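Visitor: next one to model:
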Amino acid sequence: MFILENFIIAVAKIIDIALSIYMWIIIARAVISWVNPDPYNQIVQFLYRVTEPVMAPVRRWLPMRGMGIDFSPIVIILVIFFLQSFLVKSMIALAGHLR
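Guide: This next block holds a predicted model:
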């Protein structure tokens, strides 16, 4: 069972790292939105392509559309923190019980 335990721990760590990287990408997107970014810049295009599929549904779900402030990055970061605290730690605990 140690193989399954190690596999679950490895998957949990990969998920944790991926969520951390995506959180920093969301933060970069939010910071860039404070200035007038060049839409033809490759970095700006990358940030929009990577974050828009997640941010657009959150924007539609939030009731504060006309306020001029985009709260979707905050909501997404909170969801990432929840997933890191609940999902990743639960997977590591599950792997510990397989011993």
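Visitor: from here on, just use CA atoms for contacts and neighbour counts.
Guide: Noted.
Visitor: so in the chain, which helix runs the longest?
Guide: If you go by DSSP state H, the chain has its longest helix at helix 2-32.
Visitor: after that one, heading C-terminal, what element do we hit next?
Guide: Using DSSP states H and E, the next helix or strand after helix 2-32 towards the C-terminus is helix 42-61.
Visitor: what's that next one in contact with?
Guide: Contact partners of helix 42-61, identified using C-alpha atoms under 8 Å, 6 or more residues apart in numbering, comprise 25-26, 28-29, 32, 37-39, 65, 70-73, 75-76.
Visitor: try 6 Å this time
Guide: Helix 42-61 has contacts (C-alpha atoms under 6 Å, 6 or more residues apart in numbering) with 29, 72.
Visitor: the nearest residue to residue 25 once chain neighbours are set aside: neighbour count?
Guide: Among residues not flanking residue 25 along the chain, residue 47 sits closest, at 6.8 Å (C-alpha to C-alpha, 6 or more residues apart in numbering). Residue 47 is flanked by 17 other residues according to other C-alpha atoms under 10 Å.
Visitor: and the longest helix of the chain, what does it pack onto?
Guide: Counting contacts by 3 or more C-alpha pairs under 6 Å, 6 or more residues apart in numbering; DSSP states H and E, helix 2-32 is packed against helix 89-97.
Visitor: and the helix it packs on, what other elements does it pack with?
Guide: helix 2-32.
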